[in-house]
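After the sequence you'll find the predicted model.
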Amino acid sequence: MAENMDEDMSDEPLPYQQDLTCPVCQGIFQDPMLLPCSHSFCRECMKRSLQINKKCPMCREEFEEAQATSNLALRNTAETFLKQANRRTKHNLPSEETCNLHLKPLELFCEKDEEPVCVDCVTLHNTHKLWPLKEAAPTCKNELGYKVRIFEKKVKAYKKINLKFNSTVEYIKHQAEQAEKQIKEEFERFHQFLIKEEAKRLRAVANEEEEKIAAIQELITQTDKDIVDLMELIDSLKKEMGNEDLPLLRNFQNLKRKAQWTNKEPTLPYDPLLVTSRHVGGLSFNVWKNMQACVKYYPVLLDPNTASPWLSLNADLTSMKESEERLTVPDNDERFDPCVFVLGADGYHSGKHKWDINVSDNPKWIVGVCNESVARKKRFTVSPARGVWAIGLSKGVYTVHTQERIELQVQQRPERIRIKLNIEKGEVSFWDGERAKHLVTLTHKFEEVVFPIFGPGLHATPMALVPGKIAIHTS
C-alpha cells in the first residue's frame with residue numbers, strides 16, 4: 001500500500017518548484033537573500049551580481065550589500081521542497097544520476113569544470129564547452145589511461161629503486177662484516193702484543209725474584225756454617241774450662257788465641273728486595289708507551305663511501321689502486337662516478353693540517369683538496385672554479401690545476417707529496433715530501449668544509465698514505 005502511494009506521489013508534479021527557483025542560476029534557492037526591492041536570489045548569485053554592478057538582476061533597482069537580508073522563510077521552504085523532491089525521486093533514479101540542484105538527469109559533461117551537469121545547468125556553464133556523456137567518457141578514459149601508463153612506469157622505476165635499496169642493505173651488511181673482521185684482527189694483534197708484554201714482565205719479575213732469593217740463600221748458607229763453627233768453638237772452650245786450674249792457666253794464652261772470631265757478622269745486601277716500582281709502577285702507561293711499536297697513526301684516512309667503483313682500497317683505508325674490474329658498490333650520492341677519485345674520511349673547516357702521500361712511480365695522479373660540494377656524478381675539469389685545488393702528473397708533465405693549467409718545474413721526480421692546508425690563511429701548499437722542497441702554494445678563501453682528494457689514476461701501482469710520527473709528551 002505504501003509502495004503504491006510512493007509511486008503515485010512520484011508521478012505528481014512538484015509543487016512550488018517555479019516559486020522556489022532562483023531567477024539567476026535557475027536552481028532551487030540556496031541560502032536566499034531578500035533585496036529591498038522584494039526580489040530574492042541565492043547568496044552566491046547576489047554576490048556575483050554585485051561584482052558586475054549594484055543593481056537587482058530582475059528590476060535593475062540599485063542596492064547595497066548591507067541592505068540585503070537573509071530570507072529565512074524562503075530558505076526553510078526550499079529545504080523542505082528539496083527533501084520532498086529527494087523522497088519522490090529515490091524510487092526512480094539513483095541519486096548519483098540526477099542533478100542535486102535541478103533534480104534532472106545528468107546528460108552533459110562540462111569540459112572546464114570536469115563534472116556532469118543537467119540541461120538546466122547550461123545557463124551556469126554558458127561559457128564552457130559541454131559534451132554528451134557518451135562523447136566525454138572516452139576522452140576522460142584516455143586521459144586516465146595516460147595517467148595509468150605513467151603510474152605503471154613509476155611502479156617499474158620504484159621496483160628498480162627498491163632493488164637498489166635492497167642491494168644497499170646487503171652492502172651495509174657486507175661493510176659491517178668486514179669491519180667486524182678487521183676490528184677482531186686488530187684487537188687480536190693487540191692481544192698478542194699484550195700477551196708477549198705480560199710474559200716479558202712476568203719473566204722479569206721471576207728473574208729478579210730468583211736472583212734476590214739466591215743471594216739471600218747464599219747468606220743463609222754462610223750464616224749456618226758460621227753458627228756451626230761458633231758452636232764447635234764454644235764446646236771446645238767449655239771443655240777446656242772444665243780442666244783443673246793449673247792446666248787451664250798454663251794453656252790460657254793458647255786458648256785465648258784460639259777464642260778469636262774474625263768473620264764479619266752477616267747482613268742483608270743494600271737492595272735485598274724486589275724493585276717493585278720497576279715492574280708495576282706506571283705499568284699501564286709503560287705498556288701503552290711500548291705499544292707505539294705496533295701502532296701507526298695516519299693524519300688522513302680514506303673514505304670508502306666516496307671511492308670510485310674502479311678503485312680498490314686496502315683494509316686499513318690507507319692505500320688505493322685500480323680495481324681489475326668494476327666493484328659492485330651502491331650508487332650513493334657521496335661516491336665519485338665516473339671520475340676516479342676518493343676523498344679523505346674527515347673534512348676541515350678550521351686549523352692547520354698536513355699529510356703525505358706516496359705517489360711512487362705512478363705515471364698519473366692528482367692530489368689536493370676540494371670543497372664538500374664538489375661534483376660526484378659527472379665528469380668535470382679539475383680547477384679552483386670546480387672547487388678543487390690540486391697538482392697532478394700526466395704524460396710525464398707535472399701540472400698545477402688552475403684555470404690556466406700551469407706546468408710545474410721539478411728537478412727530481414718526487415715520490416712523496418706533502419700537502420699543507422691552512423684554513424685561516426686560505427692556503428694549500430704542495431711539497432716534495434722526501435726533500436722538504438716547496439713546489440707551489442694556492443690561495444683561496446675557504447668557505448665550505450674542505451676534504452683531501454686523491455686521484456690515483458687507473459694503474460696497478462698503489463698510492464699510499466704515509467703514517468705520521470707519534471710523540472708522547474708528559475708533564
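Nice, thanks for sending it over.

Kindly provide the distance from T399 to R416.
The span separating T399 from R416 equals 18 Å under the rule C-beta to C-beta, to the nearest Å. C-beta here means a position set from N, CA and C on the backbone, and glycine is covered the same way.

For stretch 270-277, output the C-alpha coordinates as PDB.
Provided in PDB are the C-alpha atoms of stretch 270-277 (Å, rounded to 0.1, in the frame of the first residue of the first chain):
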ATOM      1  CA  TYR A 270     121.800  -2.900  50.200                       C
ATOM      2  CA  ASP A 271     118.800  -3.800  47.900                       C
ATOM      3  CA  PRO A 272     117.700  -7.200  49.000                       C
ATOM      4  CA  LEU A 273     114.000  -6.700  48.000                       C
ATOM      5  CA  LEU A 274     112.300  -6.700  44.600                       C
ATOM      6  CA  VAL A 275     112.300  -3.300  42.900                       C
ATOM      7  CA  THR A 276     108.500  -3.400  42.700                       C
ATOM      8  CA  SER A 277     108.300   0.100  41.200                       C
END
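
And the contacts of that stretch?
Where contact means C-beta atoms under 8 Å, 6 or more residues apart in numbering, the residues beyond stretch 270-277 that reach it are V205, E208, E209, K212, A215, I216.

Hmm, H279 and the first one touching each other?
Yep, that's V205 we're talking about. Yes: assessed by C-beta atoms under 8 Å, V205 is found in contact with H279 at 5.2 Å.

re the thing from before, out of the contacts of stretch 270-277, which end up buried?
Applying a neighbour-count criterion of 16 or more other C-beta atoms under 10 Å, the buried members of the contacts of stretch 270-277 are E208, K212.

and of the contacts of stretch 270-277, the nearest to D346?
Distance to D346 across the contacts of stretch 270-277 (C-beta to C-beta) is lowest for V205, with 43.0 Å.

Which residue comes closest to P363 once chain neighbours are left out?
By the measure of C-beta to C-beta, 6 or more residues apart in numbering, the closest residue to P363 outside its immediate chain neighbours is H459, 6.3 Å from it.

doesn't E324 make contact with that neighbour?
No: H459 lies out of contact with E324 (C-beta under 8 Å); the separation is 11.9 Å.

neighbour count winner among these two?
Ranked by neighbour count (other C-beta atoms under 10 Å), H459 and E324 place H459 first, with 14 against 9.

Just confirm the more buried one is within a strand.
No: secondary structure assignment (DSSP: H, G, I helix; E, B strand; the rest coil) places H459 in coil, not in a strand.

Let's see the pLDDT reported for it.
Confidence at H459, expressed as pLDDT, is 80.

what's near enough to touch it?
H459 neighbours (C-beta under 8 Å, 6+ apart): K321, E322, N362, P363, K364.

I'd guess L230 is in a helix, am I close?
Yes: secondary structure assignment places L230 in a helix (three-state DSSP).

so what's A136 closest to, chain neighbours aside?
Using C-beta to C-beta, 6+ apart, the closest residue to A136 is F109 (3.5 Å).

burial measure for that neighbour, as a count.
21.

what ranges of this structure fall below the confidence cut-off?
1-16, 86-96 (pLDDT under 70).

All the strands of the stretch 301-450 of the chain, in order from the start?
311-313, 319-322, 342-343, 352-358, 365-371, 388-394, 397-400, 406-407, 416-422, 427-432, 437-443, 450-455 (DSSP state E, counting those that start in this stretch).

what does the third one contact?
If you take C-beta under 8 Å, 6+ apart as the criterion, strand 342-343 is touched by 302-304, 306-308, 311, 313, 320, 334, 336, 370, 451-454.

Relative to A385, which of the residues you listed is nearest.
Distance from A385 was checked for each of the contacts of strand 342-343 by C-beta to C-beta. The minimum falls on C370, at 11.9 Å.

so that closest one touches P384, yeah?
No: in this structure, C370 is not within contact of P384 by C-beta under 8 Å, at 9.8 Å.

Please say which of the two ends up with more neighbours.
Relative neighbour count places C370 above the other of C370 and P384, with 23 against 17, counting by other C-beta under 10 Å.

and the gap between that one and V388?
From C370 over to V388 (counting by C-beta to C-beta), the distance is 4 Å.

same question, F430
13 Å.

still on that earlier bit, who wins on neighbours among the contacts of strand 342-343?
By neighbour count, taken as other C-beta under 10 Å, the most surrounded of those turns out to be P452 (27 neighbours).

So what touches the helix or strand where the residue nearest to A136 lies?
In this assignment (DSSP states H and E), F109 forms part of strand 108-110. The contact list for strand 108-110 (C-beta under 8 Å, 6+ apart) reads 115-119, 121-122, 125, 128-133, 136-137, 140.

one more time with 7 Å, if that's ok
Among residues not part of strand 108-110, those counted as contacts by C-beta atoms under 7 Å, 6 or more residues apart in numbering are P116, V117, H125, H128, L130, W131, P132, L133, A136.

Then the fourth one would be within a helix, right?
No: H128 sits outside any helix when classified using three-state DSSP, being coil.

Domains in this structure, by residue range?
When the chain is parsed with automatic domain parsing, its domains come out as 1-92, 136-294, 304-465.

I'd like those written out as CSV, with distance to S475 added.
Listed next are these as CSV, based on distance: least, C-beta to C-beta, whole Å:
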stretch, distance to S475
domain 1-92, 86
domain 136-294, 13
domain 304-465, 23
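
how deep is the closest residue to Q178 other than its chain neighbours tucked in, by neighbour count?
Residue nearest to Q178 in three dimensions, not counting chain neighbours: A315, with 7.4 Å by C-beta to C-beta, 6+ apart. Other residues near A315 number 12, with proximity taken as other C-beta under 10 Å.

wait, isn't A315 in contact with Q182?
Yes: using C-beta atoms under 7 Å, A315 is in contact with Q182, at 5.3 Å.
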